[in-house]
Every structure is written in C-alpha cells, then in structure tokens.
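Trainee: Sequence and computational prediction follow.
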2 protein chains.
Amino acid sequence: MLQSKTFIPTLREVPTDAVTASHRFMFRSGMLRRLANGLFVYLPLGLRAFRKVEQIIREEMDATGALEIKPPVVVPGELWKESGRWDSMGESMLRVKNRQNGDFVVSPTAEEAFTAVIRDELSSYRQLPLSLYQINTKYRDEIRPRYGVMRGREFVMKDAYSFHADETSLDKTYDDMGGAYRRIFKRCGLSVIPVKADSGAMGGSGSEEFMVESDIGDNTLILCGACGYAANVEKAACRPDYTPRPAPEEARAAAASVPPLEKIATPSVRTIEELSAFLKTGAKQFIKTLIYRAVNAEADFPGKDGARLAEHESSGQKRNAPGPLGEAFFAAAIRGDLDVNEVKLAAVLKATEVSLAADADVERITGAPVGFAGPVGLGLPVVLDETVTGMNDAVTGALAKDLHYRHAAYGRDFEGWITADIRTVKAGDLCPVCGGALYEKKGNELGHIFKLGRKYTKAMNVSCLDESGKSIVPVMGCYGIGLDRTLASIIEEHHDEAGIIWPMTVAPYHVIIIPVRYEGAMKLAADTLAAELQARGVEILLDDRAERPGVKFNDADLMGIPLRAVIGDRNLALSPPCVEVKRRDEKESRLVEAAAAAEELSGLVRAELERLNR
Amino acid sequence: MLQSKTFIPTLREVPTDAVTASHRFMFRSGMLRRLANGLFVYLPLGLRAFRKVEQIIREEMDATGALEIKPPVVVPGELWKESGRWDSMGESMLRVKNRQNGDFVVSPTAEEAFTAVIRDELSSYRQLPLSLYQINTKYRDEIRPRYGVMRGREFVMKDAYSFHADETSLDKTYDDMGGAYRRIFKRCGLSVIPVKADSGAMGGSGSEEFMVESDIGDNTLILCGACGYAANVEKAACRPDYTPRPAPEEARAAAASVPPLEKIATPSVRTIEELSAFLKTGAKQFIKTLIYRAVNAEADFPGKDGARLAEHESSGQKRNAPGPLGEAFFAAAIRGDLDVNEVKLAAVLKATEVSLAADADVERITGAPVGFAGPVGLGLPVVLDETVTGMNDAVTGALAKDLHYRHAAYGRDFEGWITADIRTVKAGDLCPVCGGALYEKKGNELGHIFKLGRKYTKAMNVSCLDESGKSIVPVMGCYGIGLDRTLASIIEEHHDEAGIIWPMTVAPYHVIIIPVRYEGAMKLAADTLAAELQARGVEILLDDRAERPGVKFNDADLMGIPLRAVIGDRNLALSPPCVEVKRRDEKESRLVEAAAAAEELSGLVRAELERLNR
C-alpha cells in the first residue's frame, strides 16, 4: 500500500485527554478518532491491527470447536425479562423503545440471546456439548468513559457460550477455553496474568480472569512472587491468622485472665482512627463491626424453621416462610486494621447483593448512631471474620452513643453466627498457597471465562432429553474477550517514547519501506522491494510522500511497523547496492544488499510470526 | 468440516410466515433463525455464505481505492441535528437516550459520521479525492418487517462515502463505483438491473439503483425490451405526447372551432370514473387537477419578488421574504387517464416533500369539496403535465360543488405556471430512448450509488483549501449495498423446489461429501477425499451423521452445496473404485474414479470460481 493512497493522519500533538500510552499513540499514529465521549472511529491503520486481533481470536475459538454465529446487536427486551436481568443490569444497559413501544436492548452481553437460540433447537443430549460464539458490537453506557478504547461505551467483544449435558463436559470445554485464551494472548504478544476471579453478578462458580498489569487498571490483583499465586482482590485469600481456629470454649478458657467487659465513655469517637488516638492503642486491638444489607441471602440461618430473622428484615418485606430472603440485615465483625471484602461476605451469605446499611437502618438496628456497633449483645446475626476468634481483650462499640466496651473476649462476651474469611487481602499478607509475602498490582481485565451453571437455562426453560429419556437442564459456560481493550493493551505493553512497537502478529503492516525521496533509482528500488515482499506474502506500507526523511522516520516509529527498510541514494550507490534495515524494537540499523533485502525481511517476518504463534 | 461438529439444524417444515423462497430456505437449511420480528441470528452455515458476500464486496471496494474504517454503530444525535436529518428521518430511525439524557442514534446510514470524521482531518485539496467505507450493522425500525432478512430491522450495509474537490473528480469515482457494483453482483451470481433512480430524500443529483427482479419487490421498474432502457417508476420518463409542445397562443388558435367553456351540473360526481360514466366519455377527455402541499419548494415562483404566494401558505407560516418557502400549496393538472408522479412533481418544485393536500385545505383553496378542482380560474400556481397542453376540448372541475366545465381549452380558458413531465409512466407508454413499448417489473433494491453534492459538507461546515489557497466545500458521493438482502436475493435467483443452488463464489462450502454410511471403507474413502480436497483449498462439508442416505441427500439439496460426492460400497467395489459426483444445478450424476475425484472436483470448483469472478 502506498502511504499516499491510504489515510493515516498522524499528529504531532497529544490529545489533551490522552493520559495513557495506548490512547495517545492510537490517536497520534492515525489509528483512531473520537466521534463522541466513549465512541470511536477506527481509521484504516487501526482497523488493520484490530482485524489481526480479531482473526487470532477467531482461529483459536474455531480450534476449540466453537462455532461462529451472528446474532443481532439490538435484541428484544423480552429475553432480558425472562432471565431476570432486565431489572438487575442497571443503567449501564442501553435500553431502547421502538416505534411500537417495544423494549429493546443494545446488547451489553449475550447470554440471553444465545440461550434463546439453543432453546428452540435442542432436543437431545446428543446435540451437546455445543459452543457458539460471536465477534460483535456491544454497548455499555459507562458513566465515565476514558483512556480511549480501553474503557469506551461501544466496543467489540468475542463472547462464546457453551452448553453441556453435565458438569464434566463443561469442565472440559472450560479448560479448553482457558488454553485457547492463553494462546490468544501469547499470539498477541501480551503478558497476561490469569487470576481466580469472583463471578459476581454473572452467577455460577468457577471463573478465571485474564488480566494485564496496568497503572490505570480497574482491578486490584493480589500476587505472590514466590509461588505465582494470583487472584483478584475481590476473591483473594491469605494464610489464616489462626489454624485451627479457636472454638468459643477454648477462647473462653483463654480469656480467663482477661479483665471483665467494661463500658468506657468515648465521646464523639466513631472511627477506628479516632478510637486509636483516643485510647492510645493500635487498630489491631479493635473489633470493627459493620451493618450490611443483603439481597436474596440464602445462607442457613439460625432459627431457620422458625421466625427466620423476620424481625431484622426491612419493614416492607417481613416473611416467615422458608426460601431465600428478600432484603435482610447482617453484621460483619473484623479486626480493626482490616477491611471487609463484600464479595466474600456475599458468598458467605449466598446473597446476590451486599451493601453497607443506610445510617437510619444502622441506628434502628444498633440503637446508636453509626460508629458504635459491636458484636456484644447485638440482636443481628453476626458474620465473624476468623481474625476475631483470636481476640480476647478487644475494644468494640457498645451499641450506645459515645460508649465502647473494652476487654471484650470472643467466646466469653460474644460469639458469631458464621465464622469465615471475609477480609480484604492486602500487600504484606501471607500467600495462602506458600506463605510468601503477597503484593498488589493494578490490572485490566481482557478476558473472562466462567462456569455459569444453570442460571440462564433454568430461567429460560431450556431442556433436552438425556440418555435415559429423562428431561435435563443443560449447564452453561461463557467466555468473553474485549477486542478494543486487547488491542490497546498490546500498545500499553509494546511502546517507547517515539511510538508503538507492534508484535508482528498484530502489526497493521509487517514492513515499512521508506525511500528517502520517491523518485529515480530510489523509487525503482522501493517499488521492486515492495513487489518482492508482496510476492512473499509480506504486508508492506511504502511511504511515497513528499516529506523530509525525518518526518517519515518519525511517522514510521509512531505507527510502530516492526521492520523498516530505508532506501537512499548513497546506499544504492554502494557496490553491491544496499538498503538500510532496522527493527522497530532495536536501536541500530544495518545494511543489507538490496538484492537480498526481500529474502532477509521476509525471513524476519516469518521468524517473528512463528515465535509468537508457536 | 464434519457435519456432526457444526450446527446446521435443518427443518422439514416451512415456517408459517415464510412466503418467499429465500426466507423459507434460509430457515429450512439451518442458515438462519428468528430472535424477534425483523431480528435474525445467522447460524454457522448462514454466516459462511454471508462472509463470502462480505468479502467480495470488500475486495471490490478496495480495488476502487476506497479505504475501510470502523465507526461506531451508536452515534451521537448531535451529528444528525447538524445535518438537519434529526427531524427529517422520521420514526424509522432508532433513537436512544443514554443515562445522561444525551441523544443517540442506532445508525440507519452514516453520511453524518463520515462527514464528521473528514471535517476534522481535511485541510487541503491534496488530500482529495478520498473514499471511505464501512461494512457494519445498521438499524431501521421498519413498521412491518417481512420476507426474512430481505426486509429486516437490523441488517449489515456496506456504505461508502467519497469526498472530492470538484464534480469532475466525483464523476470519476461515481463511475468507478458503478463498475465495482456491477462486478460485485456478477461475482455473486446475481442478475441486476441498474436503473436510473430518483435520489429522493438523500438529496443531490445523479444516482443509480441496482435492482433485482422480484415478485415481492418494493419498487416498480419501467423497462424497454427494445433498447434496454430501465428506470424506477419514480423517475421513469416516456416519449412525450407532443413534440414540440404547443405554446398557449398556438393552442388558442387551435381552440377556435371549439365551443365556448360551459358549466355543467354533475351532482355527486367526483372521481374520473364517476365522471366518465356520467358523461359517457373516456378518461382521456378529462383534466384531472390535484392540490398538493409542498415543503421547502424553491422553484422560481410567479410574483417571486412580491408577495411570494403568501396567500397560499398555511396559516402559521406566512412569509414575504425571498428564500425557500416553508409549506405551500400548488395544483397539478394532468390528463384524466394518467397519474401524477409525486417525485417528478417534487423535482419540478424543488421541494423536499410533496403530498396531497388535506381535504380541508382543498376545500379552502378551491372553494368546493374535493373532486371539483380544475385549472380554470384557480388562484393557485398550476403545474401542468405536458399532456394537458394538447387538450382543447376537455372536461374539468369548475371549483364549485357538483359543477364541471366542458369545452375547456388550454391557452384559451387556462394556462399553467410551469409545464413539465409529471406523469407516472406505465406499461404501454413509449420508451423515451427508442420509442419501443415499455413494460413493468417489480424489483428489490440491493445497492444504490448517489452523487450527494454538498448537502452534508455544507450543513456540517466541511472545507479545505484549493490550489489557489481559496476555501472550498468538498462535494460528496455515497454508495450503499445491503448485504443481507443481497444474500437473500442470490437464493431467490438460485433455487429449485428442493432447496438452494449456490453460485460457487458464495457457497458456504464448495463440496459436500456424503458417505452412505460413515464406517469402514466408505469412511476411509470419505476422509481421504476430504483431505485431498482441503489440500487443494476446496471447502468441504462431510456428512458423517448416522442418517439414512435419503435424509442426507435431501439436506444436501436444501443447503445447496454446488458439488456433491457420494461414497457408497457398491461404487467403491468397482474396478477401479468410483465415487458418484453430481452438480447441484444438474439432474444427473456420474461416476468418477475415486483416485481422480479430488482433481476432478477441485477443477470444477476452480472453473466455476473463475467464471463468476472473471
């Protein structure tokens, strides 16, 4: 391709809102332009790189046996009502009314659409397993889009959904997908960190996120340098403080020498910091107690067959019948220097949603303003973090304004309802696998694989007959990768101050040919080299513009084409005539005989492709 | 691909709403499923054919020098407000409010987005001409989607937009695009009829529609069997009835022997048919006069510098200043057996919209109920069809209830304001080129190329400097093809009662291999042939299902794979062993030596591809 015949509007200036390398270089190299906040246009250079990523993903999906289909981008709201996500997806889902007042959705994800396709076709277990995928436009109405396509509103996602007669079959496809994801990222030249992730609102158990390290990451990763343990902080574990955990009676015995529980006045002291300062003692001596509101908690409650916590439920939702609760309140208690991990807490409660109770609820439940809750005498089921089971001389709220207890002892003064690991792991905690010191990194999620279970197939009435003619509900997996974000992450990992340094597999062109001037012998040599390279299947860009060599070199560096061949009068005048070859990822260039340049360059291209695709 | 490893759910039954061959066979062959009214899912077989069409279009676009980009599907409403189409697009455009109450549009077309991209990048005429295109999701909220993907709500369109410093450059690209379109349809195996089309609401002059004949077509085509003249009825011309047209004074002289204008009572006679019956004379003796409401008419009005028809404008929009009118009323008069072509009328008036006036307006303007309008004494500018200029003894409305004139003569009793061709051409009229008899066909539009002029570049403030440093506004062209509709049209043109008969270029697979049973020697021979064909670049589907041969043959016919190789025990037992080869478009099969089958089949594939791609 002649550069004058394509449309690569490079920029010297950095767009003012471009704080990340990928955002900056995608704009400056002419890959991308902005149409509106979070909405972008890929220009020809950007689209070429985008398509390479797309093709790698497609090849690896096909290799797993997944089949590509093309559902619409706009899907009926009815499907989302069937699954129950019409209500739970929140405002990030773009909803549309059509002219007949029907509800539609600009797809943010496609569990419902794929499940609907399967539902009408499935009759026998013999049709399973079946994996279907699409590479298609998605929309999420981000409140604050930023970092270019890293967090845009419209984006392209590869999303695959697999359907299985049983969990064993799901496990196999899940593992295959995990392997495919590792190959996809390797082929894209990306160093990903696969982490155990919480499956959050997507439901089900068993999931893995593929993260790249990033200063602007949405996620906090907990990593172990010693054994390679990696987890999203939402789900990260650490070595417990007590193994085995003391039982209440052991704790009571240990508390024998502790002075009795005592109320102390703590005027206007509410936070752990204020309490630390007031009592001149460390945060580790305190029991922090928080009141949470949980939705649809299903844990095995005390008094389950009786009143089932009816007294703690919010006024409008009193219920005595068995079954999951609507909205209910719980307390969580943890050592004062630690934070409660709400995702872990939700898992313990088997709740779909957990959030701090509103101040008014806290006051009603604890009988005191916010800041004076404690596990002693609290009329609410208390989830104790396991750290609390070792505390037998602690300070904690006394359920009254400006009052705390000291000398509170687990087993003696209070017990919990459930004891579990609900702490937020942080740097310095010990690796749950090897005991090494954990550290934190920010990360961006590029891909995610889940075992969804039967959430959608059950809600949407999918069934088929098993070997014995019995009706079964298939089990599902789902597997997503964001293409735009993957592309941007490649640039984040592969750039220098001058521009992008594309891995060969995803480079918009393999080789850029720069004649110092596109005329005479230099034009002839450039055209010849271009033709020879194209005959070898190498993708070339030939900079035929009437620009100064310095401008051309800068643009080539900015665009990040992996190999550069400069054709100048002086080197052509050598005997034999030469061209200057330079790798974008190296500083030094070298002279190559013009007659051998095509072979040399195509060899380098091939070698790089093989190295990355291996 | 083994058939058991893909997902091709063929159906014996015809979906009840599938009245067209393409709709029926796309469902029955397992290419397509319905997600909601007008919203479809391409399954693997359908997507393969879809991608072939897409790739042909991409190759031909690239060959014109057009550059592919990827704008978002959801675009800001602001752009549509800038161009003025936010108001003019009507309800078929799907509008969305995002969470911040911003206006967005699910793109029905992309003049605005492409113009916005160009606007920010263009500085010099040297960057022009520039053609950009996308192959992307579009949405039009059809009131009544039907015929499967032939008239769906969401669809994929290739839309290209070209930008030029002057009309000469636009003419060249327009011609190149016309050539590319002809090649695209030929390569897809489609017989298209390129017709001169009216450019309608898209603005500008010079456009061509690429039509396929279809009983369910939206368009009426006017065709000449003698010279090949083809036009959309909206714009079709015919040989005029009078050449040269008589001037009013000539007409007056010719009317000398005609009795004077006379009022006759025509109680309750309003339509041409009623009048014919009442007066016992032919419709050709009548002058039909209709009152139209026109929006933004720009024609050169009588008394332009004076009151400018202020008395005829609707009450709320009186104006005296020069410039285009808002809403105004006009009359159109035509011979009684003919119909007024509103598109031609709008062109004559240079109006953006023309529609029959409401009854109340007609009564106010003519002073009589609907049915008694006539050109004699009408206080409204009258556009005369040229047929009327030859009428000097006509019957026409007398602007009073139950009254008509007879002996009305052009030039004597009335004149027109503008005389022009505003008739709707119909079968039997004479070809404007050669005088042959015209005939009608229904057609579906697959593609459309337009010269847009400066409508968008002007409205959206695009400019650049010309050679002399002067600011110019670029001129635009636009070029669309509907992919889904093209695919469906291929099936409409290539099928029989048993199923689809794919042209090789767009077939989802080139060859289907059917072992009578997938076991033993038949399995070995099938696998061997598959491997040999794949090594030759032939795309194969191998029916390895445990189905009866009849079921397999029926499915193969339904899917329409162009070549079929049947591998059976009996033919393998021949010496030398043979397989049965059959073309989908022929009735008879023939035996081919098994050892030579791959060469034979790949030769047929190559020959067909070459024939179509030539």
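Mentor: Looks like it came in fine. Numbering: from 1, shown residues only, chains lettered A, B, ... in the order given.
Trainee: list the buried ones in stretch A:116-131?
Mentor: With burial defined by 16 or more other CB atoms under 10 Å in any protein chain shown, the residues of stretch A:116-131 counted as buried are A:116-119, A:121-122, A:125, A:127-131. From N, CA and C alone the C-beta is placed, and that goes for glycine too.
Trainee: And for stretch A:546-565?
Mentor: Buried residues in stretch A:546-565, counted by 16+ other CB under 10 Å: A:547, A:552-565.
Trainee: ok, residues contacting stretch A:463-473?
Mentor: Stretch A:463-473 is contacted by residues A:122-125, A:127-128, A:165, A:454, A:457-458, A:462, A:474 when judged by CB atoms under 8 Å, 6 or more residues apart in numbering or on different chains.
Trainee: Centre-most residue in chain A?
Mentor: Centroid-nearest residue in chain A, with CA atoms, centre = their mean: A:Glu445, separated by 2.8 Å.
Trainee: That residue belongs to a strand, doesn't it?
Mentor: Yes: assessed with DSSP: H, G, I helix; E, B strand; the rest coil, A:Glu445 lies in a strand.
Trainee: who are the neighbours in contact with it?
Mentor: Applying CB under 8 Å, 6+ apart to A:Glu445 gives the contacts A:197, A:209-211, A:218-219, A:482.
Trainee: Show me the shaky parts of the stretch 51-200 of chain A.
Mentor: Counting by pLDDT under 70, the stretch 51-200 of chain A shows low-confidence ranges at A:197-200.
Trainee: so what's A:Asp103 bridging to?
Mentor: In this entry, A:Asp103 is beta-bridged to A:Lys97, by DSSP bridges.
Trainee: picking up where we left off before, would you check which pair of the buried residues of stretch A:116-131 lies furthest apart?
Mentor: Farthest pair in the buried residues of stretch A:116-131 (CB to CB) is A:Ala116 and A:Tyr125. Separation: 19.7 Å.
Trainee: sorry, back to before: Throw the contacts of stretch A:463-473 into TSV and include distance to chain B, thanks.
Mentor: Output for the contacts of stretch A:463-473, formatted as TSV (distance: CB to the nearest CB, whole Å):
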residue	distance to chain B
A:Leu122	9
A:Ser123	10
A:Ser124	12
A:Tyr125	14
A:Gln127	8
A:Leu128	11
A:Ala165	16
A:Arg454	21
A:Thr457	17
A:Lys458	20
A:Val462	15
A:Pro474	14
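Trainee: how about CSV for those residues, with secondary structure added?
Mentor: Compiled in CSV, the contacts of stretch A:463-473 are given as follows (three-state DSSP):
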residue, secondary structure
A:Leu122, coil
A:Ser123, coil
A:Ser124, strand
A:Tyr125, helix
A:Gln127, helix
A:Leu128, coil
A:Ala165, coil
A:Arg454, coil
A:Thr457, helix
A:Lys458, helix
A:Val462, coil
A:Pro474, coil
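Trainee: Considering the residues you listed, which is situated nearest to B:Glu327?
Mentor: A:Val462 (55.5 Å).
Trainee: wait, what's in contact with the closest one?
Mentor: Per CB under 8 Å, 6+ apart, neighbours of A:Val462: A:115, A:118-119, A:122, A:163, A:456, A:473-474.
Trainee: Let's see which of these end up in helices.
Mentor: Among these, the members found in helices (DSSP state H) are A:115, A:118-119, A:456.
Trainee: just the strands in the stretch 251-400 of chain A please.
Mentor: A:262-265, A:287-295, A:327-335, A:353-356, A:382-385, A:394-400 (DSSP state E, counting those that start in this stretch).
Trainee: Tell me which of those strands approaches B:Arg187 most closely.
Mentor: With CB to CB, the closest approach to B:Arg187 among those belongs to strand A:353-356: 54.8 Å.
Trainee: Show me what the closest one is packed against.
Mentor: Helices and strands touching strand A:353-356, by 3 or more CB pairs under 8 Å, 6 or more residues apart in numbering or on different chains; DSSP states H and E, are strand A:287-295, helix A:342-349.
Trainee: Name the residues that touch it?
Mentor: By CB under 8 Å, 6+ apart, strand A:353-356 touches A:290-296, A:342, A:345-346.
Trainee: Same list as before, those that is, but in CSV and with distance to A:Lys158 and neighbour count included.
Mentor: CSV is the format used below for the contacts of strand A:353-356 (distance: CB to CB, whole Å; neighbours: other CB atoms under 10 Å in any protein chain shown):
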residue, distance to A:Lys158, neighbour count
A:Leu290, 39, 19
A:Ile291, 42, 24
A:Tyr292, 36, 24
A:Arg293, 36, 19
A:Ala294, 34, 26
A:Val295, 32, 17
A:Asn296, 31, 16
A:Glu342, 30, 20
A:Leu345, 33, 23
A:Ala346, 29, 23
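Trainee: Which pair of the residues you listed spans the longest distance?
Mentor: A:Leu290 and A:Asn296, at 19.5 Å, using CB to CB across the contacts of strand A:353-356.
Trainee: sorry, back to before: out of the buried residues of stretch A:546-565, which comes closest to chain B?
Mentor: Distance ranking of the buried residues of stretch A:546-565 against chain B, using CB to the nearest CB, places A:Glu547 first at 12.3 Å.
Trainee: Which residue, other than its chain neighbours, is closest to the closest one?
Mentor: In this structure, A:Glu547 finds its nearest non-sequential neighbour in A:Asp555, 7.9 Å apart by CB to CB, 6 or more residues apart in numbering or on different chains.
Trainee: my read: that neighbour touches A:Asp543, true?
Mentor: Yes: the criterion here is CB atoms under 8 Å, and A:Asp555 meets it with A:Asp543 at 7.3 Å.
Trainee: rewinding a little: pick out whichever of the contacts of strand A:353-356 sits closest to A:Glu580.
Mentor: Closest approach to A:Glu580 among the contacts of strand A:353-356 (CB to CB): A:Glu342, at 58.6 Å.
Trainee: gap between that closest one and A:Leu349?
Mentor: In this view, A:Glu342 and A:Leu349 are 10 Å apart by CB to CB, to the nearest Å.
Trainee: returning to what we had before: from the contacts of A:Glu445, which land in strands?
Mentor: Among the contacts of A:Glu445, the ones falling in strands (DSSP state E) are A:209-211, A:219, A:482.
Trainee: could you dump those residues to JSON lines with distance to chain B, pLDDT and neighbour count?
Mentor: Output for the ones in strands among the contacts of A:Glu445, formatted as JSON lines (distance: CB to the nearest CB, whole Å; pLDDT from 0 to 100; neighbours: other CB atoms under 10 Å in any protein chain shown):
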{"residue": "A:Glu209", "distance to chain B": "26", "pLDDT": "93", "neighbour count": "27"}
{"residue": "A:Phe210", "distance to chain B": "24", "pLDDT": "96", "neighbour count": "25"}
{"residue": "A:Met211", "distance to chain B": "26", "pLDDT": "95", "neighbour count": "28"}
{"residue": "A:Asn219", "distance to chain B": "23", "pLDDT": "91", "neighbour count": "17"}
{"residue": "A:Gly482", "distance to chain B": "15", "pLDDT": "97", "neighbour count": "24"}
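Trainee: farthest-separated two in these?
Mentor: A:Asn219 and A:Gly482 (13.4 Å).
Trainee: what sits against the nearest residue to A:Pro474 once chain neighbours are set aside?
Mentor: Excluding its sequence neighbours, the residue lying closest to A:Pro474 (CB to CB, 6+ apart) is A:Phe163, at 4.6 Å. By CB under 8 Å, 6+ apart, the contact set of A:Phe163 is A:118, A:122, A:128-131, A:457, A:462, A:474-476.
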